[in-house]
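Chemist: 3D model of this:
(chains A and B)
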2 protein chains.
Amino acid sequence: MTPPPEGTPGRRPGGRSARVRAQVLEAVRAELGEHGYEGLTMEAVAARAGVHRATVYRRWQDVGGLLADVLDAAGEDDWGPPDTGSLLGDLTALNEEIQESLAVQPSVPQALMAAAFRSARAAEAQQRLWEDRYARCEAVVERAVARGELPPDTDARELLIAATAPLYHQLVLLRTPVAPRAAVRAATAAALAAGAGAFGRSERGPAGRPPAGGRSVPG
Amino acid sequence: MTPPPEGTPGRRPGGRSARVRAQVLEAVRAELGEHGYEGLTMEAVAARAGVHRATVYRRWQDVGGLLADVLDAAGEDDWGPPDTGSLLGDLTALNEEIQESLAVQPSVPQALMAAAFRSARAAEAQQRLWEDRYARCEAVVERAVARGELPPDTDARELLIAATAPLYHQLVLLRTPVAPRAAVRAATAAALAAGAGAFGRSERGPAGRPPAGGRSVPG
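Modeler: Purely as a prediction, here's the structure:
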């Protein structure tokens, strides 16, 4: 993937320009959901949005530019991770959100992930969105540490990836349906491992054992 | 994704036909590694393999057919999961294999996963390969149960997905490099959770608690 020449899309003033952007991005999401990346064209987006083609070309250049802006726009919300009062509750609620967004047909997030394999600009924007989302979710781990549920040196990102990766893996890569309990099961496994110190920032493994070459499961 | 009209590619006798297949599939892997899905054409594959274009078209029909056969061929080996004598050792060695295959540049497995978003036949074959690989890996869990490392009702597939998903998630979807210790860390977390009963087949959670609505992390 080569990086795009410009990391950020054009200016985003309010008023008419913001309205045009909202219409166009909504049209991209609708076209993506209906036809996937294959069917996404500048012409169809302009027609659906009721915006001049020339405007769409000038502002977003190409389909990659449209996808990147949809992804950037997704990161401009005030989304925060669930706050249920417990680590297990928070991770479960987070996984339920993920499961819902990926299992719905058509799934715009799924279509965007697929598009990121085609467009370098979409891939960059997808990466920015992931990073932003995982950074926001670190609050879940900080709260759990503050409540005494987790060791203070827990690597928040590592824990969050362990908790959420099984759902993405099954629904996006393995393309297999998951049981309704999958969200809570993956959350439970990650919370248990985290409570046992599996995600400590030190190089040593849980219970002070070196991580490599162990011949049995600690605990 | 609509299923392909035929689930399996053509006949596979030995002799000349097997040699032609080996040459063509090797050419597909080489072209994929060098140019990705975008650059993969029937013509380039035929030229690289030194096989008549007509033969390639007759036997594999299109690029999707070539990709599906590369994936099916990958499942025809006698690969088995590592047997190190411990659950943690086996899962770590498995993750190290995965990490290596995904991090190498160019990565044929990565290119095949990307292609599965484009071709329904490749997606079906990719799914068959995943299922076969995870089924073979269940031996790791059976051995751990036999050694007394894991509860007998451990859901092997769920444990294997928890152990391997973080690497796929980071290297394929998040497109972020992972630390060298990532393989052992993900293996350790899954092994700890499994030892604590997180992947029990019963509907009840670990330590006999119901899985949903818990307000604290068991353990």
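Chemist: any idea of the angle the helix or strand bottoming out on mean pLDDT in chain A forms with helix B:108-115?
Modeler: Between all helices and strands in chain A, the lowest mean by mean pLDDT, DSSP states H and E belongs to helix A:108-115, at a mean of 90. Note on geometry: by axes from the mean of the first three to the mean of the last three CA atoms, to 10 degrees, helix A:108-115 and helix B:108-115 are set 130 degrees apart in direction.
Chemist: next one: helix A:108-115 to chain centre, how far?
Modeler: Distance of helix A:108-115 from its chain centroid, counting by CA atoms, centre = their mean, to the nearest Å, is 11 Å.
Chemist: alpha carbons only: can I get that helix in PDB?
Modeler: Taking C-alpha atoms only, helix A:108-115 is exported to PDB below (Å, rounded to 0.1, in the frame of the first residue of the first chain):
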ATOM      1  CA  VAL A 108     -21.300  -1.200   5.700                       C
ATOM      2  CA  PRO A 109     -18.300  -1.900   8.000                       C
ATOM      3  CA  GLN A 110     -17.800  -5.200   6.200                       C
ATOM      4  CA  ALA A 111     -17.900  -3.500   2.800                       C
ATOM      5  CA  LEU A 112     -15.400  -0.900   4.000                       C
ATOM      6  CA  MET A 113     -13.000  -3.600   5.200                       C
ATOM      7  CA  ALA A 114     -13.300  -5.300   1.900                       C
ATOM      8  CA  ALA A 115     -12.700  -2.000   0.100                       C
END
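Chemist: other SSEs contacting that helix?
Modeler: Here helix A:108-115 touches helix A:16-35, helix A:63-74, helix A:87-103, helix A:120-146, going by 3 or more CB pairs under 8 Å, 6 or more residues apart in numbering or on different chains; DSSP states H and E. The C-beta positions use only the backbone N, C-alpha and C, and glycine is treated the same way.
Chemist: and that helix, what's buried?
Modeler: Neighbour counts over helix A:108-115 (16 or more other CB atoms under 10 Å in any protein chain shown) mark A:Val108, A:Pro109, A:Gln110, A:Ala111, A:Leu112, A:Met113, A:Ala114, A:Ala115 as buried.
Chemist: which one of those is nearest chain B?
Modeler: Nearest to chain B among the buried residues of helix A:108-115: A:Ala114, at 4.2 Å, using CB to the nearest CB.
Chemist: and the spatially most central residue of chain A, what does it touch?
Modeler: A centroid search over chain A (CA atoms, centre = their mean) returns A:Trp130, at 4.3 Å, as the residue closest to the centre. By CB atoms under 8 Å, 6 or more residues apart in numbering or on different chains, A:Trp130 lies in contact with B:Leu173, B:Leu174.
Chemist: got the domain boundaries for chain A?
Modeler: A:16-74, A:87-200 (automatic domain parsing).
Chemist: quick one: terminal-to-terminal distance for the last one?
Modeler: So the one you mean is domain A:87-200. 16 Å (CA to CA, to the nearest Å).
Chemist: please state the offset of that domain from the chain centre?
Modeler: Distance, centroid of domain A:87-200 to centroid of chain: 8 Å (CA atoms, centre = their mean).
Chemist: shaky segments in chain A?
Modeler: Chain A contains residues with pLDDT under 70 at A:1-14, A:203-219.
Chemist: closest to A:Ser101 out of the buried residues of helix A:108-115?
Modeler: Checking the buried residues of helix A:108-115 against A:Ser101 with CB to CB, the nearest one is A:Pro109 at 5.1 Å.
Chemist: mind listing what the closest one touches?
Modeler: Listed by CB under 8 Å, 6+ apart, the contact set of A:Pro109 reads A:Ser101, A:Leu102.
Chemist: circling back: deepest of the helices and strands packed on helix A:108-115, which one?
Modeler: helix A:63-74 (a mean of 23; mean count of other CB atoms under 10 Å in any protein chain shown).
Chemist: same for that one, what does it pack against?
Modeler: Applying 3+ CB pairs under 8 Å, 6+ apart, one finds that helix A:63-74 contacts helix A:16-35, helix A:42-49, helix A:53-60, helix A:108-115, helix A:120-146.
Chemist: pretty sure A:Val108 is touching A:Arg29, no?
Modeler: Yes: the pair formed by A:Val108 and A:Arg29 meets the contact definition of CB atoms under 8 Å, at 5.2 Å.
Chemist: any common contacting residues for these two?
Modeler: Listed as contacting both A:Val108 and A:Arg29 by CB under 8 Å, 6+ apart is no residue at all.
Chemist: skipping adjacent residues, who's closest to A:Glu142 in space?
Modeler: Excluding its sequence neighbours, the residue lying closest to A:Glu142 (CB to CB, 6 or more residues apart in numbering or on different chains) is A:Ala156, at 7.0 Å.
Chemist: what's the angle between the least confident helix or strand of chain A and helix A:87-103?
Modeler: Helix A:108-115 runs at 70 degrees relative to helix A:87-103, counting by the same axes, to 10 degrees.
Chemist: helix A:108-115 to helix A:63-74, inter-axis angle?
Modeler: 140 degrees.
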